[in-house]
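Chemist: sequence and predicted model, in that order:
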Amino acid sequence: MKVHYSVFGFLDLVAVLVSGASLNISGEAVTTRFWDCCKPSCGWKAKAPFSRPVLSCGIDDKPIDIDAGTGCNGGSAYQCSNQQPWKVNDTFSYGFAGVFIKPELTAGKIEDAWCCACYQLDFTSDPLKGKTMIVQASNTAYDVTSNNRFSLAIPGGNTTSHDACAKQYGVDQKVFGQENSGIRSENDCDNLPDNLKEACKWRFEWYKDQQYPSVNFKRVPCPTELTSKTQCTRNDEAELKGLVPSQAPVVSPSILLATLGVTMTCLFLV
Ligand SMILES: *[C@@H]1O[C@H](CO)[C@@H](O)[C@H](O)[C@H]1NC(C)=O
Ligand SMILES: *[C@@H]1O[C@H](CO)[C@@H](O)[C@H](O)[C@H]1NC(C)=O
Ligand SMILES: *[C@@H]1O[C@H](CO)[C@@H](O)[C@H](O)[C@H]1NC(C)=O
């Protein structure tokens, strides 16, 4: 009985240490922009321990089946239009991002460390210094892995060779601007679909049309302002909020024995 208890205690401790690798994460990062209309990478099953994957949408902008393929590869799932940035006041905005965090900060984990986690980004370069964003990781930014990176989802902010935006919104792909830079001026935002115009203008107003501004980042509990749009909450959020003590839970030997008994019974039944 004693032996089993200490083995389980040890496993609990290992679980806490492993999950801790996704909790206290901070550092410096570069930010980029994207809006390729593809199904977000965190929109697939089993990317991380979470309530459900990030919502993806069909061409009607309504949530679509979790297993629907990406519109960037012949499928019917796209990024929902409301996963876009918005200003709360002159120094604070919410948004969504494609994330890459270097493995040395995540104990080697990749998407399971960041999918659906939220990060506070404090801008450190002028003219954005003093401004803050809280973003939820809805996507992954694997194409540059030399830096920690947050690629902010900004409509018209940076398109790719895929024509997914054209398919999703029934417009010419050129409306979303040029590959690698997006549209050129705030006036061009008026050519975007109505539900994307305001967030497109956010780039030129609140974000001051910056390229590659730097940030200090740290993981923070996800606000419902963001999770209500993705429907995705990580299983380690409760621990992060301190609602559940991040110590190994105390398992009483009798509960353990009962569990063991049930397990053995099941084994015999099989
Ligand atoms: C979190 O990480 C930072 C930076 O590595 C460190 O200074 C801080 O003590 C850590 N906090 C906890 C609670 O582990
Ligand atoms: C646009 O996206 C590409 C691909 O991720 C990236 O290399 C580039 O730096 C981005 N441009 C901007 C201005 O963020
Ligand atoms: C901006 O909004 C944030 C988040 O609600 C708040 O913490 C901050 O105090 C506000 N700043 C100003 C200048 O109103």
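Modeler: Received the coordinates, thanks. Ligands and ions are numbered 1, 2, ... in the order given.

Chemist: tell me the secondary structure at the residue nearest in space to the middle of the chain.
Modeler: For the chain, Ala137 is the residue whose C-alpha lies nearest the centre (C-alpha atoms, centre = their mean; 1.4 Å). Following DSSP: H, G, I helix; E, B strand; the rest coil, the label given to Ala137 is strand.

Chemist: pretty sure it contacts Tyr119?
Modeler: Yes. Look at Ala137 against Tyr119 with C-beta atoms under 8 Å: they come within range, at 7.0 Å. (C-beta placed from N, C-alpha, C; glycine too.)

Chemist: find residues that contact each of these two.
Modeler: Residues within reach of Ala137 and of Tyr119 at once, by C-beta atoms under 8 Å, 6 or more residues apart in numbering, are Ala97, Val99.

Chemist: and the gap between Phe176 and ligand 2?
Modeler: In this view, Phe176 and ligand 2 are 12 Å apart by C-beta to the nearest ligand atom, to the nearest Å.

Chemist: contacts only, for Asn139.
Modeler: Phe34, Pro40, Ser41, Cys42, Val54, Gln79, Phe96, Ala97, Gly98, Val99, Ser151, Ala153.

Chemist: reformat the residues you listed as TSV; add distance to Arg203.
Modeler: Below are the contacts of Asn139 laid out as TSV (distance: C-beta to C-beta, whole Å):
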residue	distance to Arg203
Phe34	12
Pro40	19
Ser41	22
Cys42	22
Val54	22
Gln79	16
Phe96	14
Ala97	14
Gly98	16
Val99	19
Ser151	13
Ala153	11
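
Chemist: kindly indicate which of these lies nearest ligand 3.
Modeler: Nearest to ligand 3 among these, counting by C-beta to the nearest ligand atom, is Phe96 at 17.1 Å.

Chemist: what mean pLDDT does the helix or strand harbouring the closest one have?
Modeler: Here Phe96 sits within strand 92-100, counting by DSSP states H and E. Strand 92-100 shows a mean pLDDT of 98.

Chemist: got the contacts of Asn139 as a markdown table, with neighbour count and distance to Leu105 columns?
Modeler: Formatted as a markdown table, these follow (neighbours: other C-beta atoms under 10 Å; distance: C-beta to C-beta, whole Å):
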| residue | neighbour count | distance to Leu105 |
| --- | --- | --- |
| Phe34 | 21 | 22 |
| Pro40 | 28 | 22 |
| Ser41 | 20 | 19 |
| Cys42 | 26 | 18 |
| Val54 | 28 | 22 |
| Gln79 | 31 | 26 |
| Phe96 | 28 | 21 |
| Ala97 | 31 | 16 |
| Gly98 | 26 | 17 |
| Val99 | 28 | 11 |
| Ser151 | 25 | 17 |
| Ala153 | 24 | 22 |
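
Chemist: as CSV, those with distance to ligand 2 would be great.
Modeler: Below are the contacts of Asn139 laid out as CSV (distance: C-beta to the nearest ligand atom, whole Å):
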residue, distance to ligand 2
Phe34, 5
Pro40, 14
Ser41, 12
Cys42, 16
Val54, 18
Gln79, 14
Phe96, 15
Ala97, 12
Gly98, 8
Val99, 12
Ser151, 6
Ala153, 11
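
Chemist: what about the residue in the chain positioned nearest to ligand 2, how many residues nearby?
Modeler: In the chain, the residue found nearest to ligand 2 is Thr32; the distance is 3.3 Å by C-beta to the nearest ligand atom. A count of nearby residues for Thr32, using other C-beta atoms under 10 Å, gives 21.

Chemist: ditto for the one 4 residues further on
Modeler: By the criterion of other C-beta under 10 Å, Asp36 has 25 neighbours.

Chemist: check Asn180 too.
Modeler: Around Asn180 there are 11 residues (other C-beta under 10 Å).

Chemist: cool, and the one 3 residues further on?
Modeler: Neighbours of Ile183 under the rule other C-beta under 10 Å: 24.

Chemist: my read: it touches Cys165, true?
Modeler: No. At 11.5 Å, Ile183 does not count as touching Cys165 under the criterion of C-beta under 8 Å.

Chemist: identify the contacts common to these two.
Modeler: Phe176.

Chemist: interface residues of the protein facing ligand 2?
Modeler: Thr32, Arg33, Phe34, Asp143, Asn158, Asn180, Ser181, Gln211 (C-beta under 6 Å from any ligand atom).

Chemist: secondary structure, distance to ligand 3 and pLDDT for the residues you listed - can I get that in TSV?
Modeler: TSV is the format used below for the residues of the chain next to ligand 2 (DSSP: H, G, I helix; E, B strand; the rest coil; distance: C-beta to the nearest ligand atom, whole Å; pLDDT from 0 to 100):
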residue	secondary structure	distance to ligand 3	pLDDT
Thr32	strand	24	96
Arg33	strand	22	97
Phe34	strand	25	96
Asp143	coil	32	83
Asn158	coil	26	95
Asn180	coil	32	88
Ser181	coil	30	90
Gln211	coil	25	95
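
Chemist: much appreciated, bye for now.
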